[in-house]
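A.B. asks: Curious how this folds, go ahead:
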Amino acid sequence: MLSTRLASALLLTALAVPALAQDVSYQITNDSGLTLMELYSAPAGEGSLASDDLLAAQVLPAGETGTVTIAGGSETCDRDIRFVFEDGSEKTDTVNVCDSASYTLSPG
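C.D. replies: Numbering: from 1, shown residues only. Next up is the predicted model:
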């Protein structure tokens, strides 16, 4: 009887622990014609994008594909993403990083 109660209590405790958000690896294909210099991401609708450049010290030349890791991305799959190019131009978009593991930057 005691072991049944203990097992039930442990099960309830385990169910009460929230799932930890997983990092999401996301492929970016740069078909924009320009080198991608910076990439920022935040949960959609948050109003401001994270200040950490996901490319860090790297760049993504035109015609290349690279992978970035969005820390805790599975917690909020819909993400606002901002791309900054070598000429200073920017592109923003909202994508679901859980439904699709890749994004292609097109020209213009």
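A.B. asks: all contacts plus neighbour counts: C-alpha atoms, from now on.
C.D. replies: Noted.
A.B. asks: Find the centremost residue of this protein, please.
C.D. replies: In the chain, the C-alpha nearest the mean C-alpha coordinate belongs to I70, at 3.4 Å (C-alpha atoms, centre = their mean).
A.B. asks: mind checking how far S51 is from E38?
C.D. replies: Here S51 is placed at a distance of 11 Å from E38 (C-alpha to C-alpha, to the nearest Å).
A.B. asks: now do P107
C.D. replies: Counting by C-alpha to C-alpha - P107 and E38 are separated by 17 Å.
A.B. asks: more neighbours, the two?
C.D. replies: E38 (20 against 10; other C-alpha atoms under 10 Å).
A.B. asks: Enumerate every residue touching that one.
C.D. replies: By C-alpha atoms under 8 Å, 6 or more residues apart in numbering, E38 lies in contact with D53, L54, L55, A56, V59, F83, V84, F85.
A.B. asks: who touches the nearest residue to A42 once chain neighbours are set aside in this structure?
C.D. replies: Excluding the flanking residues, the one nearest A42 by C-alpha to C-alpha, 6 or more residues apart in numbering is L49, at 5.0 Å. Applying C-alpha under 8 Å, 6+ apart, one finds that L49 lies in contact with Y40, S41, A42, D80, I81, R82.
A.B. asks: No more questions from me, cheers.
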